[in-house]
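*Asks:* Give me coordinates for this.
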Amino acid sequence: MDLIIVESPTKARTIQKFLGKKYSIMSSFGHVRDLPKKELGVDVKNDFQPKYVVPLTARKKVTPLKKSLKKADKVILATDEDREGEAIAWHLAQVLQLDPKNTDRIVFHEITKSAIEEALKKPRQIDMGLVDAQQARRVLDRLVGYELSPFLWQKVAKGLSAGRVQSVAVKLIVEREREIQNFKPKEYWSIEALFKKTQESPKEFNAVLIKKGENNIEKFDIKTQIDANEIIKDLEDAKYQIINIEKIKTKRNPLPPFMTSTLQQQAWQKLHFSAKQTMALAQNLYENGHITYHRTDSLNISDQALFAAKKFITENYGQDYWAGYLRKFKTKSKGAQEAHEAIRPTDPHNSPDAIKNKLQDSKQFEDKLTKLYELIWCRFVASQMAPAVFDSTAVDIGAKNYTFRATGQMMSFNGFLKIYPIKFQETDLPPLENNEILQILKLAPLQHFTQPPARFSEASLIKVLEQNGIGRPSTYAPIISTIQDRNYVQKDEKRNFYPTDIGFTVNDLLVEHFPEIVDLKFTANMEENLDKIAERETPWIPVIRQFYEPFSDHLNKKYDEVKKQKAAPEPTDRICPKCGKPLVIRTSRFGKFYACSDFPKCRYTENIANNIGVNCPKCIEGEIVAKKTKRGKIFYACSRWPDCDFALWNKPTSAKCPQCGSLLIEVGKNKIKCSNKECGYAQKNEKAPIS
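*Replies:* Here you go, the predicted structure:
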């Protein structure tokens with residue numbers, strides 16, 4: 001019997017169903033070796049050789065694998081197809097004392113019977129290029145984190161840590177926040193007119209001033225209300241006549257299927273899933289054989305999948321809804337692995353409704369799995385459908401030497417929008433003819449101000465990281481989790497990122513004294529070097545040496561040059577209940593807190609209560625305040641804790657449930673429901689009505 005080793009028990013069960021008793025499928029439960037936690041684990045004097053250890057938790061998983069080797073005729077390593085999976089295969093070979101050159105390694109894009117059987121026909125050796133690339137990343141990140149973190153402890157605060165790629169993400173968020181803080185709005189005006197075809201016509205439509213004479217009116221051409229009023233005065237007693245009508249058909253093509261970054265972005269925007277949650281759900285779908293591999297930066301699709309999509313579309317929606325050809329896409333991502341595939345359903349005929357019965361998890365998790373699968377399925381099938389077609393009309397209206405424009409757009413064929421809706425606005429104009437005189441109902445100057453750039457959401461941050469070549473598909477979710485866990489950034493009420501005081505301080509220190517660590521181009525170049533290692537174009541040790549030696553020398557100098565970065569405590573009017581000295585507000589890696597100004601003689605501290613204006617329904621005396629767990633997760637609890645233990649994970653509103661009287665809580669941004677799980681009452685959120 002042949003032994004196939006994978007990294008996940010779910011993946012093992014799925015493959016076992018396909019291959020039957022001829023094979024024994026076992027799981028390593030992830031990595032079996034790693035760098036030690038309590039020491040550097042990299043011999044910088046001996047070509048940066050890593051010192052790998054088998055963690056205690058992994059030892060329990062390795063023992064049954066070793067026992068199974070004795071019964072196996074052959075060992076086949078079938079971990080995931082990316083660098084991480086290749087490294088796990090190599091570590092397994094080392095721990096199990098297998099000869100990598102004589103051990104079969106198989107890879108596949110999807111966990112289906114045909115894909116597994118095809119992979120078994122084409123085994124290969126472990127790809128040491130991919131292993132070295134993963135090893136280089138691990139060593140590089142360990143060197144930066146392990147050597148730079150103590151510097152931050154000494155110069156800023158204990159418990160801080162620095163990461164090579166995470167620091168770049170924090171820098172982006174800090175720079176955006178400062179853009180917002182320094183933003184000065186700029187005023188501009190526009191002129192809009194409201195028309196009717198005739199006084200008796202029921203249909204009204206708008207037009208915008210676009211020209212004066214032969215010159216286009218640009219965004220900032222009408223600077224003040226005085227400028228706008230001059231135009232309004234100029235147009236007194238003007239006759240409004242249609243001078244041109246242009247009608248065209250426009251097409252809107254579907255988007256490509258998902259790769260990792262776009263899946264994370266859309267799951268955030270449409271489903272409000274974090275990148276970490278999205279990847280966990282996608283992992284489940286992949287390991288159960290429902291979708292192809294979910295860590296990819298490729299948009300390639302196999303011909304077999306394209307023909308399957310064509311068949312599904314024509315059978316279920318009709319020939320008109322198929323694109324008419326096998327539509328293929330090419331990624332613009334830097335360093336994309338084009339040999340991989342985009343994320344797609346393993347079989348388009350498995351519609352979202354059909355897959356519900358195949359999910360084995362709890363009801364809550366099943367709902368999320370179904371939603372993510374539906375997003376992936378719809379995006380892929382839509383990518384092979386016909387374009388949506390719109391009838392577009394542009395009407396130019398002359399008045400003296402001014403020109404207004406009214407635009408209309410109506411969909412004539414929905415095409416791919418039938419299954420993958422995208423926001424668009426339909427504007428229906430009345431039947432109009434050239435030279436027709438229109439009735440003006442209103443001529444209005446409208447004031448506008450430029451808006452500051454928006455804070456980064458998870459989606460927009462991932463997009464910028466990808467555009468700049470920072471990180472790779474497997475790293476986006478860990479980057480976002482890490483910068484929050486370290487309390488360098490937090491989320492506002494709209495779930496967008498902003499830097500904490502500690503985030504500002506650490507970023508500013510790194511920017512000033514270690515600019516290469518947070519430089520986007522430097523980090524992107526390092527990613528390119530890792531890609532070259534993976535492709536065996538360059539060995540990994542010189543890449544590490546080229547970075548580490550100047551970095552280490554520079555770090556040693558900075559220990560003497562840099563003074564401790566300590567933010568001045570904020571004064572308060574409160575008195576320390578322990579010693580009577582004034583309380584001040586200090587900042588730690590977990591956020592702000594009250595502390596005695598006579599520290600270290602008096603060590604009194606107190607959490608800062610973030611009052612949300614809701615009384616505690618349990619003790620009546622207390623108020624609900626926002627608090628944070630040690631990992632930075634926000635929850636809502638009574639200010640009288642521990643005397644009152646009332647607490648909720650969701651933000652409560654001041655309203656009470658009309659059915660049971662419990663507090664209503666916010667669920668996402670579109671809905672509120674009863675905090676009493678047994679009640680089940682829910683309604684639309686008036687602040688953000690459901691569309």
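
*Asks:* Wait, Pro387 touches Lys249, no?
*Replies:* No: at 10.4 Å, Pro387 does not count as touching Lys249 under the criterion of C-beta atoms under 8 Å. Every C-beta, even on glycine, is put in place using the N, C-alpha and C of the backbone.

*Asks:* Looking at those two, which is more packed in?
*Replies:* Per other C-beta atoms under 10 Å, whichever of Pro387 and Lys249 has more neighbours is Pro387, with 17 against 10.

*Asks:* phi, psi of the more buried one?
*Replies:* The phi and psi values for Pro387, taken as degrees, to the nearest 10, are phi -70, psi 160.

*Asks:* May I see the buried residues of the longest helix along the chain?
*Replies:* When the chain is scanned for its longest helix (criterion: DSSP state H), the result is helix 128-155. Buried residues in helix 128-155, counting neighbours by 16 or more other C-beta atoms under 10 Å, are found at 128-148, 151-152, 155.

*Asks:* For whichever helix or strand comes after that helix, which outside residues touch it?
*Replies:* Next helix or strand after helix 128-155 toward the C-terminus (DSSP states H and E): helix 164-181. Under the criterion C-beta atoms under 8 Å, 6 or more residues apart in numbering, residues 140-141, 144-145, 452-453, 455-456, 461, 464-465, 470-471, 475, 479-480, 482-483, 486, 488-489, 497-499, 503-504, 506-508, 510-511, 517-520, 523, 526 lie in contact with helix 164-181.

*Asks:* One more: stretch 12-31?
*Replies:* 1-9, 11, 58, 61-62, 64-65, 68, 71-72, 78-79, 87-88, 91-92, 111-113, 116-117, 287-289.

*Asks:* Could you give me the buried positions within it?
*Replies:* 12, 14-16, 18-19, 23-29, 31.

*Asks:* pLDDT (mean, whole number) over the one helix or strand Ser412 maps to?
*Replies:* In this assignment (DSSP H and E), Ser412 forms part of strand 402-413. Strand 402-413 shows a mean pLDDT of 97.

*Asks:* Could you do stretch 188-204 as well?
*Replies:* Mean predicted confidence for stretch 188-204 is 91.

*Asks:* again, but for stretch 228-243
*Replies:* On average, stretch 228-243 scores 96.

*Asks:* sorry, back to before: and the buried residues of stretch 12-31, which is closest to Thr572?
*Replies:* His31 (47.7 Å; C-beta to C-beta).

*Asks:* What strand or helix carries the closest one?
*Replies:* Per DSSP H and E, there is no helix or strand for His31.

*Asks:* Please apply the same query to Ala228.
*Replies:* For Ala228, the element it lies in under DSSP H and E is helix 225-234.

*Asks:* buried set for that helix?
*Replies:* Within helix 225-234, judged by 16+ other C-beta under 10 Å, the buried ones are Ala228, Ile231.

*Asks:* Run a quick check on Trp153 versus Leu160, I expect a contact.
*Replies:* Yes: counting by C-beta under 8 Å, Leu160 is a contact partner of Trp153 at 6.1 Å.

*Asks:* Helix, strand, or coil at Leu3?
*Replies:* What DSSP: H, G, I helix; E, B strand; the rest coil gives for Leu3 is strand.

*Asks:* and it, how many neighbours?
*Replies:* Neighbour tally, Leu3, other C-beta under 10 Å: 19.

*Asks:* Next one: it from Lys196, what distance?
*Replies:* According to C-beta to C-beta, to the nearest Å, Leu3 stands 79 Å off from Lys196.

*Asks:* Likewise for Gly661?
*Replies:* 53 Å.

*Asks:* And these two? Which one has more around it.
*Replies:* Between Gly661 and Lys196, counting by other C-beta under 10 Å, Lys196 is the more crowded of the two (16 against 11).

*Asks:* beta partners of that one?
*Replies:* Beta bridges link Lys196 to Glu204, Gln439 when assigned by DSSP bridges.

*Asks:* tell me the contacts of it?
*Replies:* Lys203, Glu204, Leu438, Gln439, Leu441 are the contacts of Lys196 under C-beta under 8 Å, 6+ apart.

*Asks:* Also Phe273?
*Replies:* Here Phe273 is in contact with Ala267, Leu281, Lys368, Leu372 (criterion: C-beta under 8 Å, 6+ apart).

*Asks:* Where does the residue lying farthest from the centre of the chain sit: helix, strand or coil?
*Replies:* Within the chain, the residue lying farthest from the chain centre (C-alpha atoms, centre = their mean) is Asp237, at 54.5 Å. Secondary structure, three-state DSSP: Asp237 is coil.

*Asks:* Show me the contact partners of the helix holding Ala228.
*Replies:* Helix 225-234 has contacts (C-beta under 8 Å, 6+ apart) with Trp189, Ile191, Leu209, Lys212, Ile222, Lys400, Tyr402, Leu443, Pro445, Gln447.

*Asks:* contacting residues around the helix or strand that comes right after it?
*Replies:* Downstream of helix 225-234, the first helix or strand assigned by DSSP H and E is strand 240-252. Here strand 240-252 makes contact (C-beta under 8 Å, 6+ apart) with 193, 195, 387-399, 403-404, 409, 412, 415, 417, 422, 424, 432-440.

*Asks:* Stretch 54-72 now?
*Replies:* Against stretch 54-72 from outside (C-beta under 8 Å, 6+ apart): 1-3, 5, 24, 26-34, 75, 92, 95-96.

*Asks:* One more pass at 6 Å, please.
*Replies:* Stretch 54-72 has contacts (C-beta atoms under 6 Å, 6 or more residues apart in numbering) with Leu3, Met26, Ser28, Phe29, Val32, Arg33, Val95.

*Asks:* how close does the nearest residue to Glu623 once chain neighbours are set aside get to Trp540?
*Replies:* Excluding the flanking residues, the one nearest Glu623 by C-beta to C-beta, 6 or more residues apart in numbering is Ser639, at 4.9 Å. Here the criterion is C-beta to C-beta. By it, Ser639 lies 54 Å from Trp540.

*Asks:* Tell me which of these two has more neighbours.
*Replies:* Under the criterion of other C-beta under 10 Å, the comparison of Ser639 against Trp540 puts Trp540 first, with 25 against 20.

*Asks:* ok, back up a step: keep only those of the contacts of stretch 12-31 that are in helices.
*Replies:* 9, 11, 58, 61-62, 64-65, 68, 87-88, 91-92, 113, 116-117, 287.

*Asks:* Show me which of the residues you listed are buried.
*Replies:* Here, 16+ other C-beta under 10 Å leaves Lys11, Ala58, Lys61, Val62, Leu65, Ser68, Ala87, Ile88, His91, Leu92, Ile116, Glu287 buried among those.
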